[in-house]
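# sequence first, predicted coordinates after that:
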Amino acid sequence: MATFALLLTQKHRRRTVTLYDFEVVKDGSVILSETIRLPHIRFAWPAIKQLAQRFCERGHRIRVKDQAGGIVILTGVAAVCELGEGEATA
C-alpha cells in the first residue's frame, strides 16, 4: 500500500494532495487504519481494491475519511472483490 501511495505522490507532485484515512472495519471495530496522500478522491479506488484483496471476506467494510473526519467512501469488501478490473471507479 505504501508503494502505491509513494508512486502516486511522485507522479502528481505538483498537484495539491489531501490526506485520507483508509480503515478496514469488522463488526464496528477498526482492524486496520492507514493514511494515504491523494491528489483527488478518485485515486482512492486502487488502494481500496488492494485492501479488499487482503481482507476479502464478507462482513468487512472499507471506510475512507477526509481530513475533517467525514466519510467520503464506504463500501463492503465483498462487493469490491466481486467487481472486475476497472469497475471500481468514482
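Looks like it came in fine.
# who is the residue nearest to Leu51 when sequence neighbours are not counted paired with across the strands?
Nearest residue to Leu51, sequence neighbours excluded (Cβ to Cβ, 6 or more residues apart in numbering): Ile62, at 5.5 Å. Every residue, glycine included, has its C-beta placed from N, CA and C. Counting by DSSP bridges, Ile62 forms beta bridges with Val24, Thr75.
# what residues does Ile62 make contact with?
22-25, 48, 51-52, 55, 73-77, 80 (Cβ atoms under 8 Å, 6 or more residues apart in numbering).
# let me have the residues you listed in a markdown table, adding distance to Ser33 as columns.
Formatted as a markdown table, the contacts of Ile62 follow (distance: Cβ to Cβ, whole Å):
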| residue | distance to Ser33 |
| --- | --- |
| Phe22 | 7 |
| Glu23 | 5 |
| Val24 | 8 |
| Val25 | 10 |
| Ile48 | 14 |
| Leu51 | 11 |
| Ala52 | 15 |
| Phe55 | 13 |
| Ile73 | 14 |
| Leu74 | 15 |
| Thr75 | 16 |
| Gly76 | 18 |
| Val77 | 15 |
| Val80 | 18 |
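# possible to save the residues you listed as JSON lines with distance to His40 and neighbour count?
Shown next, in JSON lines, are these (distance: Cβ to Cβ, whole Å; neighbours: other Cβ atoms under 10 Å):
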{"residue": "Phe22", "distance to His40": "15", "neighbour count": "22"}
{"residue": "Glu23", "distance to His40": "19", "neighbour count": "19"}
{"residue": "Val24", "distance to His40": "22", "neighbour count": "20"}
{"residue": "Val25", "distance to His40": "23", "neighbour count": "18"}
{"residue": "Ile48", "distance to His40": "14", "neighbour count": "19"}
{"residue": "Leu51", "distance to His40": "18", "neighbour count": "21"}
{"residue": "Ala52", "distance to His40": "20", "neighbour count": "24"}
{"residue": "Phe55", "distance to His40": "24", "neighbour count": "19"}
{"residue": "Ile73", "distance to His40": "12", "neighbour count": "16"}
{"residue": "Leu74", "distance to His40": "18", "neighbour count": "12"}
{"residue": "Thr75", "distance to His40": "18", "neighbour count": "16"}
{"residue": "Gly76", "distance to His40": "23", "neighbour count": "14"}
{"residue": "Val77", "distance to His40": "23", "neighbour count": "23"}
{"residue": "Val80", "distance to His40": "19", "neighbour count": "22"}
